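A.B. asks: Here is a sequence with its predicted model. Questions after.
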Amino acid sequence: MKYLIFIAFFVIAPMTNAQTNFEKGMSKAFELWSANKTDEAENMFERIAKAEPEAWLPHYYIAQINSIKSWTEKDETVLKAQLDKAQEHIDAAMLLSENNAELLVIQAHILTNWVAFDGMTYGMKYGAKIAELYEKAAVIDPTNPRAAYGKIEWEMGSAKYFGKDTAPYCKKLASAIALFDTFKPASKLHPNWGKDRAVQVLESCK
């Protein structure tokens, strides 16, 4: 019995230590990101992704960082490099975690960046795909506030673009925002963002 306990300790201990190192690394990356040290945070996530090849979260955050950096980018060469990197990492994350609503939301964001950059060129190309991604994410996880809110914001933007009334979407948005208060992420490392932006959009409706 003592021998079995001894073996179990040396099997479990490295696993526990690895988990602790993963959490420490991720927490450090979040700290850097919060301090507006975005490049350092991205580098940290990249190191974690290499050290933890089965973890989808580092890839997720690398993709998200590059998507966020691209929202206001006007240089197409820079934009393409950032969004290509975001796509590379969201593809890697999807291989590790299938039918993941959070990943579908970031994929929708990546494509939306292209539409925001050049609506005439990329609107027709990606518009239906973006709507499909949000729809699929909402089906996979109806309780996910980012999927619900993202779907509505995309529909609002489309309605506005075509000169349609956005009031019906504003009403739906309030219900989506309520999901942020009941949503429970799988851990403190999992996505739990978006409420502030959703509230801003709702206020603009009024």
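C.D. replies: Sure, I can see it. All values derive from a computational prediction rather than experimental measurement.
A.B. asks: ok, for residue 38, nearest residue in space, not its chain neighbours?
C.D. replies: residue 65 (6.1 Å; C-beta to C-beta, 6 or more residues apart in numbering). Using the backbone N, CA and C atoms, a C-beta is placed for each residue, glycine as well.
A.B. asks: Contact partners for the one you found?
C.D. replies: 33, 38, 41, 42, 45, 86 (C-beta atoms under 8 Å, 6 or more residues apart in numbering).
A.B. asks: Among these, name the buried ones.
C.D. replies: For those, a burial check counting by 16 or more other C-beta atoms under 10 Å picks out 33, 41, 42, 45, 86.
A.B. asks: In three-state terms, how would the closest residue in space to residue 73 that isn't next to it in sequence be classified?
C.D. replies: Leaving aside its chain neighbours, residue 73 sits nearest to residue 79 (4.5 Å; criterion: C-beta to C-beta, 6+ apart). What DSSP: H, G, I helix; E, B strand; the rest coil gives for residue 79 is helix.
A.B. asks: measure the closest residue to residue 156 other than its chain neighbours to residue 187 for me?
C.D. replies: Excluding its sequence neighbours, the residue lying closest to residue 156 (C-beta to C-beta, 6+ apart) is residue 169, at 4.3 Å. As for residue 169, its distance to residue 187 is 32 Å (criterion: C-beta to C-beta, to the nearest Å).
A.B. asks: Same question for residue 83.
C.D. replies: In terms of C-beta to C-beta, residue 83 sits 28 Å off from residue 187.
A.B. asks: More neighbours: which of the two?
C.D. replies: Remark: of residue 83 and residue 187, residue 83 carries more neighbours, 22 against 10, as counted by other C-beta atoms under 10 Å.
A.B. asks: Pretty sure that one sits against residue 116.
C.D. replies: No: using C-beta atoms under 8 Å as the test, residue 83 is too far from residue 116 to be in contact (10.9 Å).
A.B. asks: and residue 146, what is it in contact with?
C.D. replies: When contacts are counted by C-beta under 8 Å, 6+ apart, residue 146 touches 101, 102, 105, 137, 191, 193, 194.
A.B. asks: again, only using 7 Å
C.D. replies: Contacts here follow C-beta atoms under 7 Å, 6 or more residues apart in numbering; on that basis residue 146 touches 102, 105, 191, 194.
A.B. asks: Check what pLDDT the closest residue to the last one other than its chain neighbours gets.
C.D. replies: So the one you mean is residue 194. Of all residues not flanking residue 194 in the chain, residue 146 sits nearest, at 4.8 Å (C-beta to C-beta, 6+ apart). Here, the pLDDT recorded for residue 146 equals 97.
A.B. asks: Ok, residue 168 next?
C.D. replies: 86.
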